[in-house]
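Visitor: have a look at this fold, sequence not included:
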């Protein structure tokens, strides 16, 4: 029988934040892919406030999972939320932003991932944790049901035309 007591929070974001701390503490570098939207907002707030002193921030490296192709000052930009809720609160936190305003943003971001991340056994760069949400239409990581990007087998990052949505991802 273990002496370790496991506290299970009634708050899913709090429980996830505690797991995040535990996972990050067990590695020399913790490579995390994060999505935008509303799903991670509370998680980021908890990590940056309540659990700030428990997170090994110098080991964390953030990679953005999805982004809308909108101007850098657009309210819908996922990076704005990531920056406001986490990066602005943690000076010096390493994070890779998808510069979607660039026509070669997909290849540029893929180059960052291949340079900074170790390869996985399956070929794409290895991430220790991928935190995704799901939109009301069933999309995740800018992958929409029946979209062409679902057929991509070689590249970890591609532009995607979202069906029925004017904003490219």
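Guide: Noted; the coordinates are in hand. As the structure is a prediction and not an experimental result, all values here were calculated from the model. Residues are numbered from 1 along each chain as shown.
Visitor: look up the closest residue to the most centrally placed residue in the chain, ignoring the ones flanking it.
Guide: Residue closest to the mean C-alpha point of the chain, counted by CA atoms, centre = their mean, is residue 34 at 1.0 Å. Distances taken as CB to CB, 6 or more residues apart in numbering put residue 131 closest to residue 34, at 5.2 Å, once the chain neighbours are dropped. From N, CA and C alone the C-beta is placed, and that goes for glycine too.
Visitor: residue 81 is in contact with the residue nearest to the centre of the chain, correct?
Guide: No. Using CB atoms under 8 Å, residue 34 makes no contact with residue 81, being 9.9 Å away.
Visitor: so what sits against both of the two?
Guide: Common contact partners of residue 34 and residue 81 (CB atoms under 8 Å, 6 or more residues apart in numbering): residue 40.
Visitor: if I look at the residue nearest to the centre of the chain, how far off is residue 46?
Guide: In this view, residue 34 and residue 46 are 14 Å apart by CB to CB, to the nearest Å.
Visitor: how much space between residue 29 and residue 84?
Guide: In terms of CB to CB, residue 29 sits 25 Å off from residue 84.
Visitor: and residue 117, by the same measure?
Guide: Going from residue 117 to residue 84 by CB to CB gives 25 Å.
Visitor: number of nearby residues for residue 150?
Guide: Using other CB atoms under 10 Å, the number of residues around residue 150 comes to 11.
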